[in-house]
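K.L.:
Turn this into a model:
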Amino acid sequence: MPRVLPNIRQHYPKLKLQLVEDQTAKLIERLNRGQIDCVILALPYDISAFEFEVFWQEIFYVAFPPNHPLSKGGPIPSSELPMDEVMLLEEGHCMRDHSLSACHAQNRQHKDTVQGTSLYTMMEMVAGGEGITFIPEMAIESALVERSKIFLRPLADEGPHREIALVWRPTFLRKQNLQLLMNMMKETLIKHT
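P.N.:
Reported below is the predicted structural model:
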């Protein structure tokens, strides 16, 4: 959103956006109740009761502490990752499930003694040498990542590792507005790649 909001505000200055950040399940519940008009979320997720359109696909990067023996190099296959060092977001965060799925590690042991509540927390723990974690492609050019003392390597496993979609109720009446919003997001994200 930090990348696309300035462009949206420039093109649609009268548009009033109310942005809510929460776990996917809670956002879907609010969408279902009509409390919000649409949701931006990462797939896969069960949204069979809704309409949606994918507007972005991305891969994951693996974040290593600076002194880690695997911190340097090109793409790294998940089979080479020391899973006992992998830190994930806490239960309920869809990125946790997407990360495990991307590296085919749903049944492999990971470092469950450390669970973060945000990507920022995870990056700080990596920088502090607590372990390694996954970072989505759209976050690697953020100031947050650039200021962190971490090293990134793309995950070599075939991608995309997740898709980002705009989701709405089938009964929503202003679908043309959502299409304009999606087009603006696609255009902005493509310019930043």
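
K.L.:
all contacts plus neighbour counts: C-alpha atoms, from now on.
P.N.:
Fine.

K.L.:
Quick one: low-confidence residue ranges for this structure.
P.N.:
Residues of the chain meeting the criterion pLDDT under 70: 90-117, 192-193.

K.L.:
residue nearest the centroid of it?
P.N.:
Pro136 (5.2 Å; CA atoms, centre = their mean).

K.L.:
which residue sits closest to that residue in space, ignoring its chain neighbours?
P.N.:
Distances taken as CA to CA, 6 or more residues apart in numbering put Phe60 closest to Pro136, at 4.6 Å, once the chain neighbours are dropped.

K.L.:
Hmm, the one you found is touching Thr133, no?
P.N.:
No: taking contacts as CA atoms under 8 Å, Phe60 lies outside contact range of Thr133: 9.8 Å.

K.L.:
Show residues contacting the biggest helix by length in the chain.
P.N.:
Secondary structure of the chain per DSSP state H: the longest helix is helix 175-191. Residues external to helix 175-191 that are found in contact with it (CA atoms under 8 Å, 6 or more residues apart in numbering): Arg3, Val4, Asn7, Ile8, Phe55, Trp56, Leu166.

K.L.:
if we can go back for a sec, what count of nearby residues applies to the residue nearest to Pro136?
P.N.:
By the measure other CA atoms under 10 Å, the count of residues near Phe60 is 27.

K.L.:
cool, Leu81 as well?
P.N.:
Neighbour number of Leu81 under other CA under 10 Å is 15.

K.L.:
same deal with the one 4 residues further on?
P.N.:
Glu85 is surrounded by 20 other residues when neighbours are defined as other CA under 10 Å.

K.L.:
Distance check, it against Met125.
P.N.:
11 Å (CA to CA, to the nearest Å).

K.L.:
which residues do those two both contact?
P.N.:
By CA under 8 Å, 6+ apart, the residues touching both Glu85 and Met125 are Gly131.

K.L.:
Assign a three-state SS to Gln57, would you?
P.N.:
strand (DSSP: H, G, I helix; E, B strand; the rest coil).

K.L.:
Could you verify my assumption that it touches Arg162?
P.N.:
Yes: Gln57 lies in contact with Arg162 (CA under 8 Å); the separation is 6.0 Å.

K.L.:
Understood, closing this out.
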